[in-house]
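**Q** okay, structure incoming, though there's no sequence with it:
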């Protein structure tokens, strides 16, 4: 459509009026000469005026746009289009900043202006912002859609692999809408009937309580589990009903579990109680892998080892804290592999800061279905040994007392103490045979009487009130002189 009376309408229009019309009809007006150079710029939009577009004067139009927009500018300048054709062009304003405009051109005619054009520009930033918002909304919807799909997949997987029977019923009609495989295994093929109702699978004596529970759930939203029996006379089961809404329609979520599940829960609770008891036990307790590397340890072990947290012990070999490095653990592991248990193994336990504690270790090997582990119970016996410790002057008094030193003292000290024990036992036997006649006892032992007196004093045998009698003044049990024997 064109103007019918253009000559009479615009014949007297001044240049200012034409410029005002151009300014009003578009957001931006460019006057381009035949060489493609911008001769003038005019805009009526305050937002565009702030961009200082006057600096385009004297520049080639091509040089003001992005690389991908240059072919569009060339096409506009060649005038290859019939009638106005709007082209989307992006101007470069600075690093990373662009100005989207849509252009159409009009060719000027007149003396000295042949080939000049007027480019009308429309600011596309509002459209670009609207498009970006649309794209962002679309991306957000897609992300939310895939998130919901992922959530649905996870819950459907849980629904399918759950060991307890789960049914979804319409709350108004009681019609079955969905059931998991466990429900089909428990209730049988009756679920596949279109007319199936929950009362069809419940024993007659439990139908009325079930209906009452359903009615209460409609008002309260949830019920506590209660016992039921099925029509096939199986063991007692537990039924729990919950109410939820989907698409503004109420639905029942029915769970049917075996009472054995409750006993299993109790067993889990008991195991947790045992674990907590071991954690707070006064004796140290450590669980390791078959090679003796710590998997877990209680607080008592951390105290003995002077460790700040369990993480410092986890993964370390328990041999790190034992008295004889490389020996004790090897002996214990060997016994555990052969017998499965170890009792009252005497050793010492070293702390991180140099403390040493006498301990007794009992251990066992546990073969679980998926892994093998070793449990070590470590008892601090330092106080008990301190009460029975022997002074440096007092040797062991019996063979059993001597064997208790194995693992607690070097072999050199044990041999020395063993020699003292044998000497003491021989002297006591000689005195008993001679009726406490020390001269005769010295002859039996092949000792001088003075040497015997020294050993008697050393071992504290037959303690005398003062110094021992002189060699010639010893008296036997008959009151005769020593030489009378």
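**A** Good, I have the coordinates. Keep in mind that this is a model prediction, so the values were computed, not measured. Numbers count the residues shown, from 1 in each chain.
**Q** can you list the domain ranges for this protein.
**A** Under the assignment automatic domain parsing, the domains of the chain span 22-123, 162-262, 280-388, 399-484.
**Q** next one: the third one to chain centre, how far?
**A** Distance, stretch centre to chain centre, for domain 280-388: 26 Å (Cα atoms, centre = their mean, to the nearest Å).
**Q** and if you look at stretch 39-54?
**A** Taking Cα atoms, centre = their mean, one finds the center of stretch 39-54 at 60 Å from the center of the full chain.
**Q** over to stretch 237-244?
**A** With Cα atoms, centre = their mean, you get 32 Å for stretch 237-244.
**Q** report the buried residues of that stretch.
**A** Residues 237, 238, 239, 240, 241, 243 are the ones in stretch 237-244 that count as buried (16 or more other Cβ atoms under 10 Å). Quick note: C-beta positions are derived from backbone N, CA and C, even for glycine.
**Q** can you lay out the domains of the chain as TSV showing mean pLDDT and distance to residue 132?
**A** Below are these laid out as TSV (pLDDT from 0 to 100; distance: least, Cβ to Cβ, whole Å):
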stretch	mean pLDDT	distance to residue 132
domain 22-123	83	11
domain 162-262	83	33
domain 280-388	86	49
domain 399-484	69	79
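**Q** go through those domains and name the closest to residue 139.
**A** Closest approach to residue 139 among the domains of the chain is made by domain 22-123 (20.5 Å; Cβ to Cβ).
**Q** what comes into contact with the helix or strand containing residue 71?
**A** In this structure, residue 71 sits in helix 70-78 according to DSSP states H and E. For helix 70-78, contacts defined as Cβ atoms under 8 Å, 6 or more residues apart in numbering pick out 32, 36, 61-62, 65, 81, 85, 87-89, 103, 105, 117, 119.
**Q** recalculate using a threshold of 7 Å.
**A** Contacts with helix 70-78, where a contact means Cβ atoms under 7 Å, 6 or more residues apart in numbering, come from 36, 61, 62, 65, 87, 89, 103, 105.
**Q** residues touching the fourth one, list them.
**A** The one in question is residue 65. Taking Cβ under 7 Å, 6+ apart, one finds 73, 89, 90, 91, 92 in contact with residue 65.
**Q** among those, which one has the most neighbours?
**A** Sorting these by how many neighbours each has (other Cβ atoms under 10 Å) puts residue 89 first, at 24 neighbours.
**Q** picking that back up, of the domains of the chain, which is nearest residue 141?
**A** Nearest of the domains of the chain to residue 141, taken as Cβ to Cβ: domain 162-262 at 19.2 Å.
**Q** off-centre distance for that closest one?
**A** Relative to the centre of its chain, domain 162-262 is centred 36 Å away, using Cα atoms, centre = their mean.
**Q** stretch 140-156 now?
**A** Using Cα atoms, centre = their mean, the offset of stretch 140-156 from its chain centre is 24 Å.
**Q** mean confidence for it?
**A** Stretch 140-156 carries an average pLDDT of 89.
**Q** any idea how far residue 301 is from the closest residue to residue 371 other than its chain neighbours?
**A** Of all residues not flanking residue 371 in the chain, residue 289 sits nearest, at 7.9 Å (Cβ to Cβ, 6 or more residues apart in numbering). Per Cβ to Cβ, to the nearest Å, residue 289 is found 16 Å from residue 301.
**Q** more neighbours, these two?
**A** residue 301 (24 against 14).
**Q** wait, a helix at that one?
**A** Yes - Residue 301: assigned to a helix according to DSSP: H, G, I helix; E, B strand; the rest coil.
**Q** shouldn't it be in contact with residue 286?
**A** Yes - here residue 301 reaches residue 286: they are 5.3 Å apart, a contact under Cβ atoms under 7 Å.
**Q** which residues do those two both contact?
**A** residue 378.
**Q** residue 325 and residue 317 touch, don't they?
**A** No - if you go by Cβ under 7 Å, residue 325 and residue 317 don't touch, sitting 9.5 Å apart.
**Q** and the two? Which one has more around it.
**A** For residue 325 and residue 317, the more surrounded residue by other Cβ under 10 Å is residue 317, and the numbers stand at 16 against 12.
**Q** please enumerate the helices of the stretch 101-250 of the chain.
**A** Per DSSP state H, counting those that start in this stretch, the stretch 101-250 of the chain carries helices over the ranges 125-161, 181-187, 198-201, 204-220.
**Q** now the shortest one: buried residues?
**A** This points to helix 198-201. Within helix 198-201, the residues that qualify as buried are 198, 199, 201, counting by 16+ other Cβ under 10 Å.
**Q** contacts for that helix?
**A** Against helix 198-201 from outside (Cβ under 7 Å, 6+ apart): 169, 174, 187, 190, 207, 210, 230, 231, 254.
**Q** so for the helix or strand residue 374 falls within, what gets flagged as buried?
**A** Using DSSP H and E, residue 374 maps to strand 372-380. Across strand 372-380, burial judged by 16+ other Cβ under 10 Å covers 374, 375, 376, 377, 378, 379, 380.
**Q** now render those residues as TSV, adding distance to residue 430.
**A** Converted to TSV, the buried residues of strand 372-380 look like this (distance: Cβ to Cβ, whole Å):
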residue	distance to residue 430
374	51
375	51
376	48
377	46
378	45
379	42
380	42
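**Q** need the max-distance pair from the residues you listed.
**A** Top of the distance list for the buried residues of strand 372-380 (Cβ to Cβ): 374 and 380, 20.1 Å.
**Q** surely residue 296 is in contact with residue 285?
**A** No - look at residue 296 against residue 285 with Cβ under 7 Å: they stay out of range, at 8.8 Å.
**Q** give me the distance between the residue nearest the centre of the chain and residue 294.
**A** Closest to where the C-alpha atoms of the chain average out (Cα atoms, centre = their mean) is residue 311, at 13.8 Å. Remark: distance between residue 311 and residue 294 (Cβ to Cβ) = 10 Å.
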